[in-house]
Each structure stands twice: as C-alpha cells, then as structure tokens.
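In: Sequence and predicted model, in that order:
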Amino acid sequence: AGNPLPEADPYGRTIHFGIREHAMAAAMNGIALHGNTRIYGGTFLVFSDYMRNAVRLSALMHLPVTYVWTHDSIGLG
C-alpha cells in the first residue's frame, strides 16, 4: 500500500482512488492534459460503464491515457 499523495512520498507514483472510477478517469485526463506524462489506470471491466464519459472525452482529445480493465464477473460489484 502506497501513500495516496505522491508528493508525500518521493518514491510513490501511485494515486489510490478507491471505488471512484469516474473520478479516476477524469483525473487521468487532467494529468495527461497538464504535461508530457503517460497515464494508466485500472479497474474491473464491470465498472467501466461508470467511466464511459471520461473515456470518451480522452478518446476525442487523443490523450495518451491507457485504461486497464481486468476480468469480468457477475460476482463483482
């Protein structure tokens, strides 16, 4: 488990969003728009519907954002 604030730990490059998929995707878009950074984030595929609007915006803006959606199951969520 890393520190949720990257500036608090010089070795931490991870931001923990918890169960806020839309906020994660929107923040990834903002980070990508701010600078020359390759951003990636991941969650379960079943939660990708919550991220739909932010994912669409990143595609329309051609942002270098990578979404990693792992296994899907009816047991999740």
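Out: Happy to help now that I have it.

In: where does this protein dip in pLDDT?
Out: Low-confidence segments of the chain, defined by pLDDT under 70: 1-12, 76-77.

In: Quick one: the strands in it, in order.
Out: 39-44, 65-70 (DSSP state E).

In: Mind listing what's buried along the first one?
Out: Yep, that's strand 39-44 we're talking about. Of the residues in strand 39-44, I39, G41, T43 count as buried by neighbour count, 16 or more other C-beta atoms under 10 Å. C-beta here means a position set from N, CA and C on the backbone, and glycine is covered the same way.

In: closest to A23 among the residues you listed?
Out: Checking the buried residues of strand 39-44 against A23 by C-beta to C-beta gives G41 as the nearest, at 10.5 Å.

In: list the contacts for the closest one?
Out: Residues in contact with G41 (C-beta atoms under 8 Å, 6 or more residues apart in numbering) are F17, M24, A25, M28, V65, T66, Y67, V68.

In: count of residues packed around the fourth one?
Out: M28: 24 surrounding residues under other C-beta atoms under 10 Å.

In: right, and it touches R38 too?
Out: No: the pair M28 / R38 is not scored as a contact, 10.4 Å apart, by C-beta atoms under 8 Å.

In: So which residue is smack in the middle of the protein?
Out: Central residue of the chain (C-alpha atoms, centre = their mean): G41, 3.6 Å from the mean position.

In: Would you check how far apart that one and S48 are?
Out: Using C-beta to C-beta, to the nearest Å, G41 is found at 11 Å from S48.

In: Find residues that contact each of those two.
Out: Y67.

In: And the strands of the chain: which comes nearest R52?
Out: Using C-beta to C-beta, those put strand 65-70 closest to R52, at 10.9 Å.
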